[in-house]
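> below are the sequence and a predicted model for it; my questions follow.
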Amino acid sequence: MSRAKTERQLNLVIALIATRRPLTREQIKTAVPQYGQCPTDEAYGRMFERDKEELRELGIPLVTSSIDPLFDDEPGYRIDREAYAQPEIRLTSDETAVLALAARVWTQASLAGPASRGLLKLRASSADPRDDRTWAVEPRLRTPDPAFVLAWQAVRDRRPIRFAYRKAGSEHESPRYVDPWGIVSSHGNWYLVGHDHDRGAPRVFRLSRIVGQVRADGGPGTVTSGPDGDLRSLVDAAAHIDLDSSVTARVRIRPGSALPLRRRATQDTAAGEVIEIPYTDEARLARDLAGYGTAVLVEEPMSLRTAVLALLMTAAAEHARAGSG
């Protein structure tokens, strides 16, 4: 939704909730400055009808009634204050602790802001989220997939999206047109669940396999809710397929280093210097290994070794460029 449209609809809500009596269309046109800028009455009428329907779709109780009950004159509009007002929310100490813990989960910059604002609102409502029982617990979620933010926004806004997708083991990408239902994490990976229009069925997409940009293709609120079943069951089935189709990398590690990498190993040999790591996403594993620098050396497969080397050479070139600037 554009900023101008949001401001116009907000002004409409303020005008209709502040009045004690229903307002006529002419009074509304005077009260909302953006309506007065319409070139014709027909243009204003169309804009007002669209705004009115969108507000109702958002759950705002916009009521149409007669201005004078004794005469059958033009209708008036107002917002039912009692229906619009949120009931007071009271949280128990356990509920407040859970919300605070959830807000501390996100390290992703795009979600850290909303989480921090949520904590401020909890404190403003006199609900102290600093619970001693959760202070020692520091859960963290990372979302390194570039497609995560736009996919998450599409799920939030219930907006259809298009993107290019590369299946596991394939070198080719195919266009997808999807109604997003939700995003689920499983086995360290993020998956988008939705209805694939071209296939005419629910599908699960691993975010790391989305190529390029995710593009919105439809208005907000146009995606219907997903199936009655749990989305996680669909994701778990896809994740198991990923695990079954995984390949193994042999990586030599400098003794005493890269402990997080060792935890992912299925086999540890040669006094802990060589480990075997199953993977299905070569690009992601290459990024992880490159982050350890000279502490790791890929022995096989050669394609993974080449990918890690390319990332290290790119980093070295950028570092040299920055140093000479």
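Received the coordinates, thanks.

> what lies in contact with the helix or strand harbouring residue 46?
Take DSSP states H and E as the rule and residue 46 turns out to sit in helix 41-57. Residues outside helix 41-57 that contact it (CB atoms under 8 Å, 6 or more residues apart in numbering): 8, 9, 12, 13, 25, 28, 29, 35, 38, 62, 77, 221. For glycine as for every other residue, the C-beta is placed from the backbone atoms N, C-alpha and C.

> tell me the secondary structure for the first one?
Same thing as residue 8. When classified by DSSP: H, G, I helix; E, B strand; the rest coil, residue 8 comes out as helix.

> what's the spacing between it and residue 255?
Residue 8 sits 65 Å away from residue 255, going by CB to CB, to the nearest Å.

> between the two, point out the one with more neighbours.
When residue 8 and residue 255 are compared for neighbours, residue 8 comes out ahead with 19 against 9, by other CB atoms under 10 Å.

> which stretches of the stretch 1-150 of the chain have low pLDDT?
Applying pLDDT under 70 to the stretch 1-150 of the chain picks out residues 1-2, 67-73, 86-89, 98-144.

> how about the helices in it?
With helices called from DSSP state H, counting those that start in this stretch, the stretch 1-150 of the chain shows them at 3-18, 25-31, 33-36, 41-57, 81-84, 93-103, 109-124, 132-135, 148-157.

> of those helices, flag the one that's most buried.
For the helices of the stretch 1-150 of the chain, average neighbour numbers computed from mean count of other CB atoms under 10 Å are highest in helix 148-157, which has a mean of 19.

> what sits up against that helix?
108, 110-111, 143, 159-161, 180-183, 190, 192, 207, 210, 213-214, 216, 220-221.

> apply 7 Å and report the result again.
For helix 148-157, the external contacting residues (CB atoms under 7 Å, 6 or more residues apart in numbering) are 110, 161, 180, 182, 183, 190, 192, 207, 214, 216, 220.

> quick check: domain ranges of the protein?
Split into domains by automatic domain parsing, the chain comes to 3-84, 93-135, 148-244, 247-324.

> please enumerate the helices of the stretch 201-325 of the chain.
231-244, 259-263, 282-290, 302-324.

> which of the ones you listed has the lowest mean pLDDT?
Mean pLDDT is lowest for helix 231-244 out of the helices of the stretch 201-325 of the chain, coming in at a mean of 70.

> now the nearest residue to residue 275 once chain neighbours are set aside: how far from residue 55?
Closest residue to residue 275 apart from its sequence neighbours, by CB to CB, 6 or more residues apart in numbering: residue 265 at 3.7 Å. For residue 265, the distance to residue 55 equals 56 Å [CB to CB].

> one step back: now, of the domains of the chain, which is deepest in the fold?
Each of the domains of the chain was assessed for mean neighbour count using mean count of other CB under 10 Å. The highest is domain 148-244, with a mean of 17.

> contacting residues for residue 95?
So residue 95 contacts nothing (CB under 7 Å, 6+ apart).

> distance check, residue 91 against residue 97.
Taking CB to CB, one finds residue 91 at 9 Å from residue 97.

> only alpha carbons, please: show the strand of greatest length in the chain as CSV.
Secondary structure of the chain read by DSSP state E shows that its longest strand is strand 173-186. Extracted as CSV, the C-alpha positions of strand 173-186 are listed here (Å, rounded to 0.1, in the frame of the first residue of the first chain):
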residue,chain,number,x,y,z
GLU,A,173,15.8,-22.8,-12.9
SER,A,174,12.1,-22.6,-13.6
PRO,A,175,9.7,-19.7,-13.0
ARG,A,176,7.1,-20.1,-10.2
TYR,A,177,3.9,-18.2,-9.4
VAL,A,178,2.9,-18.9,-5.8
ASP,A,179,0.3,-18.0,-3.2
PRO,A,180,2.5,-18.0,0.0
TRP,A,181,0.9,-19.6,3.1
GLY,A,182,3.8,-19.6,5.6
ILE,A,183,7.5,-20.0,6.2
VAL,A,184,8.8,-22.9,8.3
SER,A,185,12.3,-23.8,9.6
SER,A,186,13.4,-27.4,9.5
